[in-house]
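**Q** Following is a predicted model, sequence given first.
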Amino acid sequence: MSYILGYDPETLREQVDVRRCKERLSELGDQRSLAALLERVWLLKVLGRDEDALAISEQAVRLARMAGTRKDLVRSRVLHASVLQVRGAYAAAVQELTTCAEEAEGQSWTAIAAFAYQHRGKVHYDAGNYTAARADFKRSLSLRQESGASEEQLDSMLQAIEAAERRRAEASVAS
């Protein structure tokens, strides 16, 4: 079940069904499984509860490090970096996502690598580095195509590429 209604064309942030997100968060309660923690992080992040999302994302990374697989750890670190992004810690988020993308590609975890590049692109986008954002979005699109992603996922990457191109053009006209 998707809680995402679409993406804001200017910010590239998820537009979500707030009521359903809150209901799901309530359903999850204090579950401690890695899957539940990661879902809670995402829900808290999209609901604007960044401080709570950060604390739980750190807990998820610790749990994945202790009891999960390497894939679990990379996924947890990508989500943690996305929380750093919404908190404005762009350099830390880029560093974490770069490491995650490289490890995922090295292990041939194509979908996870695409996810890491997508989020690194969003960090660059938020930081105003539209050239780097576009490059990351294009890399994510390529990896998603390679892994047989859904049309919806491919469309969201195409929209992100267009947004980065538009912002890059606007920035060059303004300077």
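**A** Alright, I've got the coordinates.
**Q** which phi and psi does Ser95 have?
**A** Not quite, residue 95 is Gln, not Ser. Note on Gln95: its backbone torsions stand at phi -60, psi -50 [degrees, to the nearest 10].
**Q** and Val16, how many residues sit next to it?
**A** Neighbours of Val16 under the rule other CB atoms under 10 Å: 18. Any C-beta I mention is one placed from the backbone N, CA and C, and that applies to glycine too.
**Q** Who are the contact partners of it?
**A** Counting by CB atoms under 8 Å, 6 or more residues apart in numbering, Val16 makes contact with Tyr3, Ile4, Leu5, Val46, Leu47.
**Q** Tell me which two of the residues you listed sit farthest apart.
**A** The largest separation in the contacts of Val16, counting by CB to CB, is between Leu5 and Leu47 at 13.8 Å.
**Q** in the lowest-mean-pLDDT helix or strand in the chain, what's buried?
**A** Lowest mean confidence among the helices and strands of the chain (mean pLDDT, DSSP states H and E): strand 4-7, at a mean of 90. Using 16 or more other CB atoms under 10 Å as the test for burial, strand 4-7 gives Tyr7.
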